[in-house]
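> just need the structure, nothing else, for what follows:
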Amino acid sequence: MESDLAGHVSVARLRMAARLRAQELHAPSMAERLWHGSCGGLVVLPGALDQAMAKRIYAEADLCLTRTYMSGSSYPPDSRGDLHFFPCCNELVRAGFLGLAYAAALLRFVCLEMSRRRPWRQQKLPLQPGRMQVACYSGGARYKPHLDSYPASALATADTPVGARQEVIDRRVTAILYPQWCWQPEWGGTLRVHEAEGAFRDIQPCDGSLVLFRSRDLTHEVLPSLRKRFSLTVWA
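Now for the predicted structure:
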């Protein structure tokens, strides 16, 4: 179904394909693990993207990099070296980046599926997925250990841009897709998640994998990447 997205496609059709794929990926144990599991509810699902779609998304992300759509960030200071940008789904469709538009819709619907299955005590408001971040790590770029969300008290005196502060506070779930298909460990770029008592787990950014975790409960980092390594992230 994913690989059939080609030529002229409407936004409605693309979103329907993404919604169906998100439903296919869901299993009751997935939401149970995310909301109740240890290690920040970490879920790793290889093959969320098939090989053809993963390669298409990688090629489109690489073209965005070539066209200098991506830029660096001064926040957090001295902690990240990637280039990234935040396109919206409609903009991607108009530009012909149907693979990236599909990825944005898929991540959105995965988050909404997880929202519907939140523990009832946490269901004050549904999760609100934001725009997808397309990021590239290369040339030794890394992202030092961090959380994706913090309570307001922790950001009161931080250098967080005012416009981004509330968005960071509101994050509950991190959803990531990796469009690399063949990736060698010696190239670096590993997603390292930190567990209790100094233990850690390394996740290779490949095989069209989907990664989910609770944004405020899992310290993680990206190890230095020696090859172009793309990630697609939505926070909700």
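> what is the neighbour count of residue 28?
8 (other CB atoms under 10 Å). The way it works is simple: take the backbone N, C-alpha and C, and place the C-beta from them, glycine included.
> and what of residue 172?
Residue 172 has 22 nearby residues by other CB under 10 Å.
> where does this protein have low pLDDT?
Counting by pLDDT under 70, the chain contains low-confidence residues at 1-9, 74, 77, 120-124, 157-161.
> residue 29: how many residues sit nearby?
Residue 29, neighbours per other CB under 10 Å, totals 10.
> so where does it fall, helix or strand?
helix 28-36 (DSSP states H and E).
> can you name the residues in contact with that helix?
If you take CB atoms under 8 Å, 6 or more residues apart in numbering as the criterion, helix 28-36 is touched by 41-43, 45, 113-114, 117-119, 122, 173, 212-214.
> and the furthest pair within the residues you listed?
Pairwise distances across the contacts of helix 28-36 (CB to CB) peak at 22.1 Å, for the pair 45 and 122.
> which of these two has more neighbours?
Between residue 45 and residue 122, counted using other CB under 10 Å, residue 45 has the larger neighbour count: 17 against 11.
> contacting residues for residue 85?
Residue 85 neighbours (CB under 8 Å, 6+ apart): 64, 69, 70, 71, 133, 134.
> what residues of the top helix by length along the chain count as buried?
Counting residues, the longest helix found in the chain (DSSP state H) is helix 98-116. Within helix 98-116, the residues that count as buried by 16 or more other CB atoms under 10 Å are 98-115.
> isn't there a strand covering residue 165?
No - under DSSP: H, G, I helix; E, B strand; the rest coil, residue 165 falls outside any strand and is assigned helix.
> strands of this protein, start to end?
For the chain, the strands defined by DSSP state E occupy 43-45, 83-85, 133-137, 141-146, 173-177, 191-194, 200-203, 210-214, 220-225, 229-235.
> any chance of those in JSON lines, plus distance to residue 154?
Below are those laid out as JSON lines (distance: least, CB to CB, whole Å):
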{"stretch": "strand 43-45", "distance to residue 154": "25"}
{"stretch": "strand 83-85", "distance to residue 154": "23"}
{"stretch": "strand 133-137", "distance to residue 154": "21"}
{"stretch": "strand 141-146", "distance to residue 154": "12"}
{"stretch": "strand 173-177", "distance to residue 154": "17"}
{"stretch": "strand 191-194", "distance to residue 154": "18"}
{"stretch": "strand 200-203", "distance to residue 154": "23"}
{"stretch": "strand 210-214", "distance to residue 154": "16"}
{"stretch": "strand 220-225", "distance to residue 154": "17"}
{"stretch": "strand 229-235", "distance to residue 154": "16"}
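> residue 165 is nearest to which of those strands?
Shortest distance between residue 165 and those, using CB to CB, is found for strand 229-235: 13.6 Å.
> which other helices and strands contact that closest one?
Judged by 3 or more CB pairs under 8 Å, 6 or more residues apart in numbering; DSSP states H and E, the packing partners of strand 229-235 are helix 51-66, helix 98-116, strand 133-137, strand 173-177.
> go again using 6 Å as the cut-off
strand 133-137, strand 173-177 (3 or more CB pairs under 6 Å, 6 or more residues apart in numbering; DSSP states H and E).
> most tightly surrounded among the ones you listed?
Greatest average neighbour count among the helices and strands packed on strand 229-235 goes to strand 173-177 (a mean of 25), per mean count of other CB atoms under 10 Å.
> what's the closest of the contacts of helix 28-36 to residue 57?
Looking across these and measuring by CB to CB, the closest to residue 57 is residue 45, at 16.0 Å.
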